[in-house]
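Trainee: model this:
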Amino acid sequence: YVQPWRMNNMGRYNFEKAPCRVGHHTYKWKEAEKDKEVLPAWIADMDFEVLPEIQQAVHDYANQLVYGYTYASEELINAVLDWERDEHDYTFERDALVFIEGVVPAISTAIQAFTKEGDAVLINTPVYPPFARSVKLNNRRLITNSLIEQNGLFQIDFEQLERDIADNEVKIYVLCNPHNPGGRVWEREVLEKIGRLCQKYGVLLVSDEIHQDLTLFGHEHQSFNTVSPDFKDFSLILASATKTFNIAGTKNSYAVIENPSLRHQFKKRQLANNQHEIPGLGFLATEAAYRYGWSWLMELKEVLEKNVNFVVDYFAKEAPRLRIMKPQGTYLIWLDFSDYGLTDDQLFQLLREEAKVVLNRGSDFGQEGKGHARLNVAAPETMVEEICSRIAEVLPK
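Mentor: Have a look, this model is predicted:
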């Protein structure tokens, strides 16, 4: 018997068949190695085959026979510059580009480079858990600004944000755009307000834009540095091909730091942490992704939109008490189980033990996430359908 999400009706690219990831030390599927009935829909990577040209780049790398130290080639640098220009209308000098192994390490590097212990760093919550972790483990003071939900979308309370910045003498604001877990693609007007507040209070803006390519339903990503030329003086833009093309294990991202002084400080701290060396596989996979991946990405986004719409429609019919925040981008959906009156432990025991589904616990994203979970829909449609069916089946009527 072949599970339906292992089957394939081939199109140009294969988004209908999930590769078997059990036995490959895949973190997302770790629990499925102990219990074959478990379906994971948590960690933000995809259960799709990688772009064929990336696979070929990995094969070519293996055939080199020596896997020593590497540097960023001119071809790679041009690929990144071209992608940012063509996809996001963002043009910058090649010197502004700084490669680093991951966006999260870059956040920590920025915190270390531009603040001292005890300084305040602000994040909007709920948000990707490593934001708070990076602040706390570096002994900085974590300031959380709660997002508010209006008409099924997260919004920023700017009056509260200004109070939080001013009262706490915030030094760094780490922004998530597009937002994880809410899938919010922040509009130009929102980014303009954020930038003016940062200017007013002398705050450095670190913008995590790793989901920039995964905007959906006609929404367009606006990089912070494209909003106003003077924003480049106090910002670091963090991006990567890894989330877009499902190559997180190859370990490569980049910072765009147009202010030379900030760039010097960042690179000095990066060197002190010995974070300046990037895996050769990361360089090659990123170049292949940006050179050959556009049509694959367009097809992927169609699949993701279809999966998101299925989830919204299915739960509206089969579990109407479950509130769904329909994302404007990413392949992550924020689910609100609050109406069921379950504690977090009860909810996640129900999901894990009875539904045999693994979701991200909402409270990991901040106190606002109690009673919530994050669902990953970057998987074949039949697999997403099975996950939703299992969840609806165990929820109280």
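Trainee: ok, which stretches of the stretch 151-300 of the chain are helices?
Mentor: Here the stretch 151-300 of the chain has its helices, by DSSP state H, counting those that start in this stretch, at 158-168, 188-201, 242-245, 260-272, 280-292, 294-318.
Trainee: what secondary structure does residue 139 sit in?
Mentor: coil (DSSP: H, G, I helix; E, B strand; the rest coil).
Trainee: In contact with the closest residue to it other than its chain neighbours, which residues are there?
Mentor: Distances taken as CB to CB, 6 or more residues apart in numbering place residue 117 nearest to residue 139, at 4.3 Å, with adjacent residues excluded. Placement of C-beta: from N, CA and C, glycine included. Residue 117 sits next to 138, 139, 140 when contact means CB atoms under 8 Å, 6 or more residues apart in numbering.
Trainee: could you redo the last one with a cut-off of 10 Å?
Mentor: Going by CB atoms under 10 Å, 6 or more residues apart in numbering, residue 117 touches 138, 139, 140, 141.
Trainee: now residue 177
Mentor: Neighbour list for residue 177: 124, 184-186, 190-191, 194, 207-212, 221-224, 237, 329 [criterion: CB under 10 Å, 6+ apart].
Trainee: The residue nearest to residue 139 in helix, strand or coil?
Mentor: Residue 117 - assigned by three-state DSSP - is coil.
Trainee: thinking again about what came up before, let me have the helices of the stretch 151-300 of the chain in TSV, extended by mean neighbour count.
Mentor: As requested, the helices of the stretch 151-300 of the chain are exported to TSV (neighbours: other CB atoms under 10 Å):
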stretch	mean neighbour count
helix 158-168	15
helix 188-201	17
helix 242-245	24
helix 260-272	16
helix 280-292	23
helix 294-318	17
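Trainee: With distance to residue 32 and mean pLDDT as added columns, please give these in a markdown table.
Mentor: Compiled in a markdown table, the helices of the stretch 151-300 of the chain are given as follows (distance: least, CB to CB, whole Å; pLDDT from 0 to 100):
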| stretch | distance to residue 32 | mean pLDDT |
| --- | --- | --- |
| helix 158-168 | 41 | 98 |
| helix 188-201 | 39 | 98 |
| helix 242-245 | 22 | 98 |
| helix 260-272 | 36 | 98 |
| helix 280-292 | 25 | 97 |
| helix 294-318 | 20 | 97 |
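Trainee: possible to save the ones you listed as JSON lines with distance to residue 46?
Mentor: Converted to JSON lines, those look like this (distance: least, CB to CB, whole Å):
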{"stretch": "helix 158-168", "distance to residue 46": "33"}
{"stretch": "helix 188-201", "distance to residue 46": "27"}
{"stretch": "helix 242-245", "distance to residue 46": "9"}
{"stretch": "helix 260-272", "distance to residue 46": "29"}
{"stretch": "helix 280-292", "distance to residue 46": "13"}
{"stretch": "helix 294-318", "distance to residue 46": "8"}
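Trainee: right, so of the ones you listed, which gets closest to residue 254?
Mentor: Across those, residue 254 has its closest neighbour in helix 280-292 (8.3 Å, CB to CB).
Trainee: returning to that earlier point: between the contacts of residue 117, which has the most around it?
Mentor: Greatest neighbour count in those, by other CB atoms under 10 Å, goes to residue 140: 20 neighbours.
Trainee: For that one, which residues are in contact?
Mentor: Residues counted as contacts of residue 140 (CB under 10 Å, 6+ apart) are 111, 112, 115, 116, 117, 118, 119, 120, 121, 134, 171, 172.
Trainee: mind running it again at 6 Å?
Mentor: Applying CB atoms under 6 Å, 6 or more residues apart in numbering, we find residue 140 in contact with 111, 115, 119, 121.
Trainee: Most neighbours of all those, which one?
Mentor: In terms of neighbours by other CB under 10 Å, the contacts of residue 140 top out with residue 121 at 28 neighbours.
Trainee: on contacts alone, who are the packing partners of the helix or strand that residue falls within?
Mentor: Under the criterion of DSSP states H and E, residue 121 resides in strand 120-125. Contacts defined by 3 or more CB pairs under 6 Å, 6 or more residues apart in numbering; DSSP states H and E place strand 120-125 against strand 141-146, strand 170-176.
Trainee: Recalculate using a threshold of 8 Å.
Mentor: Using 3 or more CB pairs under 8 Å, 6 or more residues apart in numbering; DSSP states H and E as the contact test, the elements touching strand 120-125 are helix 130-137, strand 141-146, helix 158-168, strand 170-176.
Trainee: What strands flank it, and is each parallel or antiparallel?
Mentor: Paired strands of strand 120-125, with direction, are strand 141-146 (parallel), strand 170-176 (parallel) (DSSP bridges).
Trainee: what angle sits between the first one and helix 158-168?
Mentor: Here strand 141-146 points in a direction 170 degrees away from that of helix 158-168 (axes from the mean of the first three to the mean of the last three CA atoms, to 10 degrees).
Trainee: Going by contacts, tell me the helices and strands next to the helix or strand following strand 141-146.
Mentor: Later in the chain than strand 141-146, the nearest helix or strand by DSSP H and E is strand 148-150. Contacts defined by 3+ CB pairs under 8 Å, 6+ apart place strand 148-150 against strand 153-155.
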